[in-house]
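K.L.:
Here's my sequence, what's the structure:
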Amino acid sequence: MAALDQKSPNVLLQSLCCRITGKSEAEVAHQFQYAVRVVGSNYAPTIERDEFLVSEKIKKELLKQRREGDAALFSELHRKLQTQGVLKHRWSVLYLLLSLCEDPRKPSRVGSYGALFAQALPRDAHSTPFYCTRPGSLPLSYPERSGPGGVQISTSMGTSGISSLGVYSLNGPTPTPQPLLAGHPPQTAGQQLGSRLAWALPNSSALAPTSRAPLAPSPLSTRAPRPRHDGDLTGELGVGEAALVRDILYVFQGIDGKFIKMSNTDNCYKIDSKVVLCKSLRDTSNRLAELGWLHNKIRKYTDSRSLDRAFGLVGQSFCASLHQELKEYYRLLAVLHSQLQVEDDQGVNLGVESSLTLRRLLVWTYDPKVRLKTLAALVDFCQGRKGGELASAVHAYGKTGDPQMRALVQHILSLVSHPILNFLYRWIYDGELEDTYHEFFVASDPTVKTDRLWHDKYSLRKSMIPTFITMDQARKVLLIGKSINFLHQVCHDRTSPGKITPASKSTDSPKDAAELLSDLEGAFQGKIDAAYFETSKYLLNVLNQNYLLLEHLQAMRRYLLLGQGDFIRHLMDLLKPELARPATTLYQHNLTGILETAVRATNAQYDNAEILKRLDVRLLEVSPGDTGWDVFSLDYHVEGPIATVFTRECMSHYLRVFNFLWRAKRMEYILTDIWKGQMCNAKLLKSMPELSGVLHQCHILANEMVHFIHQMQYYITFEVLECCWDELWNKVEKAQDLDHIIAAHEGFLDSVISRCLLDTNSRSLLNQLRAIFDQIIEFQSAQDSLYRSALEELTLRLQYEERKKQRDSEGEWGVTAEQEAEENRRIQEFQETIPKMRSQLRILTHFYQGIVQQFLVLIMTSPDESLRFLSFRLDFNEHYRARDPRLRASLGATRGRRPSNI
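P.N.:
Numbers count the residues shown, from 1 in each chain. Below you'll find the predicted structure:
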């Protein structure tokens, strides 16, 4: 316990008093009481609390005394102290050491530290008089203080706080001060006004004790009155400090004084060169004149922008917030002018504690100067900005660790953001956009027609999105208002917005805006999310129930993507005679009639009438030599709200995919006819053994083509269309808004087009595939020609044998020599055409296999893994792999080469 008592603060403080004064514990009782009051008071030096700066001053002081070793030792000890974190108030300890090491023989100091503590402090004196009754208008760098009883004194007055120095002290419960000097008569009401202003200064206004007066009975100050010496304070023109104070008060308002005027060349206030002042007064005056320069900078901005109507509501709110801050600043100036007037009326001397001096003005205007500096910097930062961009600039400037500066910027931001939040709530709850000066981040293009309302009419101005609103929130805000306008203008839904989304409390005042900004991730996010989900859900319900959006999407899959198999097959059967004709001989009404017949004869007849009436026939542009197969296409008419999803670009994609699928389906149809022809004619042509080799060659080539088309159809139908459709349908079911459905639908079409080899990157593959299709058509023509000539020859031979039998039955010679010679000559001619047929088939086979081989090489190097797997199915027996070394790479080797090729 004894060891603990020796380390208690009271024991250490008493030991320090004994050490300084050189007296015993009993003799330093008064000095110890004084030290306890000083330590427990609100006394604070006027310098900045910078630990690094104080440590550097100590090292410089040691170096001045040629104690380099001590300076190095101090630096090392200070570094270790910083790393250990034992002391919480290192700055205070260092400042005490610095104060103790300063030379006491300097004229600005008392004679000895013993004399300092020998001065007894009055019982009820404090370092800052009446500190418990003044407002907490403290310097920005000081923490909050506590009043008597531990009651915390606020550091702000709710608004700007610039004028809280004098206004509170004039109106608040300030006790009547004691006389300033012993024997001074009691103050009148006018004198009390000046003294109250003196006591209302922040506790940084207790100037650093450069000198101490002898003990006086006044409890308000330990400083003696300082008589005026004109010879010390005046220059050649006889300018005293009182005159400078009066000039400074004018400069505070941006008005040139008698001795301090604005210099346009240097852009600052300067003291007249003819006035000769000591350096301290000149420096203090220049520091105070900076306040006038800051005031002019802010006032110039507000005056120029207040009359600019194009600056917008947000800009006007910013100017109004600056005016509000200047108004508080003017209240302080009014108090200072009133104090000066009281001094003039009562004849208060300059040395009296309640009088206005440059140093007192420097202290009293510390807080206002900091605030005006912040406002001036904010004005510079906001130059050339308007609307949401201006709000972003203000918000960005509030990211500071200084709590008072942050509170000031937050107060300005609440005023600036108030119009933006009003725009926002008007937009998400009513769908109205009244942005005359283009300040809101949602832009509207009035030239866009109704059919493009969703895509083109409304957009985001990214530069106008405030930084306190995220991009996701901005996108939701855009969608909410766009959905309301889409319902009214395109869907012709007359439901009021209030029934779709019940409007919550809006920002009726800047205070509401400030509360909302303080909870951006809570209340603000909740309002936007609620409006977004309710509006989007209602819009999707209207599209699905009133306009059958999902049914139309399924109709696209069944008809334009050939998903309705029985309908497509029957339609091809009915169209075959028509489409085999030249394209120039086709008539759309005939094809439309065939389409309606196919609908009535298949399961398509059970579809919704709203869907079937949109299904139509379309003929593409005719080129020379085209047949009906080349120009025929199905069409699906879309208008109204569903045209927002099925845009013209989407329908053109559907048309391209349909033409590709229709052509592939035609190849399957052709090969089916080829196979049927081979099966039907195989028995008939057994009597012609000379055709066996040619027919065998036809069977082999036909089987190759059938295998290729079947694998391609499997890939297109199952690996492309079905997989993409399943992915699309899952996204549509999970979609939260119309944009999600549009994006999923466009992604579906893009995926189908790219995987069906219809994009620009697959042009070479598509050309090879079309060449293969052309070879199939050419093979059909060659086989039809072969069967036609073979059947004609077979018919003639059967007729010859029939005539021969008939004549034998009649008892005549079967044939004459001439007839037999003619028959043999004809047979010989037919047999001579067989090598030509075999040669034509051989050439056709060679070309076909060469194109397939090149196609396999291309898909083997494709980045799409499904296409590479397709190559193995197409060359299942490795026939082409044996012919081309490029096809001998395994799938693993191909995948391993991809990164290096890329």
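K.L.:
M556 touches M651, doesn't it?
P.N.:
No - contact criterion Cβ atoms under 8 Å: M556 and M651 do not qualify, at 9.2 Å. All C-beta spots, glycine's among them, are computed from the backbone N, C-alpha and C.
K.L.:
list the buried ones in the helix or strand harbouring R331?
P.N.:
Using DSSP states H and E, R331 maps to helix 312-346. Across helix 312-346, burial judged by 16 or more other Cβ atoms under 10 Å covers 312-322, 324-326, 328-329, 331-333, 335-340, 342-343.
K.L.:
Also stretch 692-701?
P.N.:
Buried, per 16+ other Cβ under 10 Å, within stretch 692-701: V694, L695, Q697, C698, L701.
K.L.:
pLDDT score for E76?
P.N.:
If you check E76, the pLDDT there is 82.
K.L.:
let's have the chain start at 145 instead
P.N.:
From this message on, residue numbering opens at 145, which makes the last subject E220.
K.L.:
Now do the contacts for it.
P.N.:
With contact set as Cβ atoms under 8 Å, 6 or more residues apart in numbering, E220 has no partners.
K.L.:
cool, and the one 5 residues further on?
P.N.:
With contacts taken as Cβ under 8 Å, 6+ apart, L225 has the following neighbours: L231, R234.
K.L.:
Would you double-check that it falls in a strand?
P.N.:
No - under DSSP: H, G, I helix; E, B strand; the rest coil, L225 sits outside any strand and is assigned helix.
K.L.:
do you know how far it is from R193?
P.N.:
Between L225 and R193 the computed distance is 17 Å (Cβ to Cβ, to the nearest Å).
K.L.:
Equivalent analysis for I853, please.
P.N.:
For I853 relative to R193 (Cβ to Cβ), the value is 86 Å.
K.L.:
Comparing the two, which shows the higher neighbour count?
P.N.:
Between I853 and R193, counting by other Cβ atoms under 10 Å, I853 is the more crowded of the two (21 against 16).
K.L.:
was I right about that one contacting Q919?
P.N.:
No - taking contacts as Cβ under 8 Å, I853 lies outside contact range of Q919: 11.4 Å.
K.L.:
Now for H632: which residues touch it?
P.N.:
Counted by Cβ under 8 Å, 6+ apart, H632 has contacts G575, R638.
K.L.:
could you say which helix or strand contains it?
P.N.:
Per DSSP H and E: helix 615-633 holds H632.
K.L.:
For the helix or strand that comes right after that helix, name the packing helices and strands.
P.N.:
Using DSSP H and E, the helix or strand that follows helix 615-633 in sequence is helix 641-644. The contact analysis (3 or more Cβ pairs under 8 Å, 6 or more residues apart in numbering; DSSP states H and E) places helix 641-644 against helix 547-574, helix 615-633, helix 669-690.
K.L.:
could those be laid out in TSV, adding distance to T904 and mean pLDDT?
P.N.:
Below are the helices and strands packed on helix 641-644 laid out as TSV (distance: least, Cβ to Cβ, whole Å; pLDDT from 0 to 100):
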stretch	distance to T904	mean pLDDT
helix 547-574	40	90
helix 615-633	30	94
helix 669-690	33	93
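K.L.:
So for F776, which of these sits nearest?
P.N.:
helix 669-690 (31.7 Å; Cβ to Cβ).
K.L.:
Would you mark the buried spots in the closest one?
P.N.:
Buried, per 16+ other Cβ under 10 Å, within helix 669-690: K671, I672, A675, Y676, E678, T679, S680, Y682, L683, L684, V686, L687.
K.L.:
Between helix 547-574 and it, find me the angle.
P.N.:
Calculated by axes from the mean of the first three to the mean of the last three Cα atoms, to 10 degrees, helix 669-690 forms an angle of 20 degrees with helix 547-574.
K.L.:
hang on, L435 packs against T509?
P.N.:
Yes - between L435 and T509 there is a contact under Cβ under 8 Å: 5.7 Å.
K.L.:
which neighbours do these two share?
P.N.:
Common neighbours of L435 and T509 (Cβ under 8 Å, 6+ apart) are F396.
K.L.:
what about the stretch 445-594 of the chain, any weak spots by pLDDT?
P.N.:
Residues of the stretch 445-594 of the chain that meet the criterion pLDDT under 70 lie in 491-498.
K.L.:
now swap in the stretch 945-1046 of the chain and tell me
P.N.:
958, 1033-1046.
K.L.:
Next, the contact list for the closest residue to L705 other than its chain neighbours, please.
P.N.:
Among residues not flanking L705 along the chain, L865 sits closest, at 5.9 Å (Cβ to Cβ, 6 or more residues apart in numbering). Residues near L865 by Cβ under 8 Å, 6+ apart: L705, G707, V896.
K.L.:
ok, the last one touching C868?
P.N.:
Yes - taking contacts as Cβ under 8 Å, V896 lies within contact range of C868: 5.4 Å.
K.L.:
low-confidence ranges in the stretch 695-844 of the chain?
P.N.:
Counting by pLDDT under 70, the stretch 695-844 of the chain shows no low-confidence range.
K.L.:
for it, what spans make up the strands?
P.N.:
All strands of the stretch 695-844 of the chain, identified by DSSP state E, counting those that start in this stretch, fall at 759-763, 776-780.
K.L.:
So which of the ones you listed is nearest Q998?
P.N.:
That would be strand 776-780 among the strands of the stretch 695-844 of the chain, by Cβ to Cβ, at 28.9 Å.
K.L.:
That closest one: partners in the sheet, and parallel or antiparallel?
P.N.:
Strands that pair with strand 776-780, judged by DSSP bridges, come out as strand 759-763 (antiparallel).
K.L.:
Could you export the strand it pairs with as CSV, CA atoms only?
P.N.:
In CSV, the C-alpha atoms belonging to strand 759-763 read as follows (Å, rounded to 0.1, in the frame of the first residue of the first chain):
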residue,chain,number,x,y,z
LEU,A,759,-48.6,-16.4,-86.8
ASP,A,760,-48.1,-15.5,-90.5
VAL,A,761,-46.0,-16.2,-93.6
ARG,A,762,-43.2,-14.0,-94.8
LEU,A,763,-41.3,-14.1,-98.1
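K.L.:
Pull the distance from that strand to the chain's centre.
P.N.:
Its chain's average C-alpha position is 45 Å from that of strand 759-763, according to Cα atoms, centre = their mean, to the nearest Å.
K.L.:
And stretch 595-604, by the same measure?
P.N.:
20 Å.
K.L.:
Now that stretch: buried residues?
P.N.:
Judged by neighbour count using 16+ other Cβ under 10 Å, the buried positions of stretch 595-604 are D595, L597, W598, K601, Y602.
K.L.:
which one of the residues you listed is nearest L157?
P.N.:
Y602 (71.8 Å).
K.L.:
about what we covered before: between V896 and C868, tell me which one has more neighbours.
P.N.:
Neighbour count, other Cβ under 10 Å: between V896 and C868, V896 has more, with 24 against 19.
K.L.:
where does the more buried one land in three-state SS?
P.N.:
Applying three-state DSSP: V896 is helix.
K.L.:
who are the neighbours in contact with it?
P.N.:
Counting by Cβ under 8 Å, 6+ apart, V896 makes contact with L705, H797, V801, V864, L865, C868.
K.L.:
Now do the third one against A521, distance only.
P.N.:
So the one you mean is V801. 60 Å.
K.L.:
and these two? which has more neighbours close in?
P.N.:
V801 (22 against 14).
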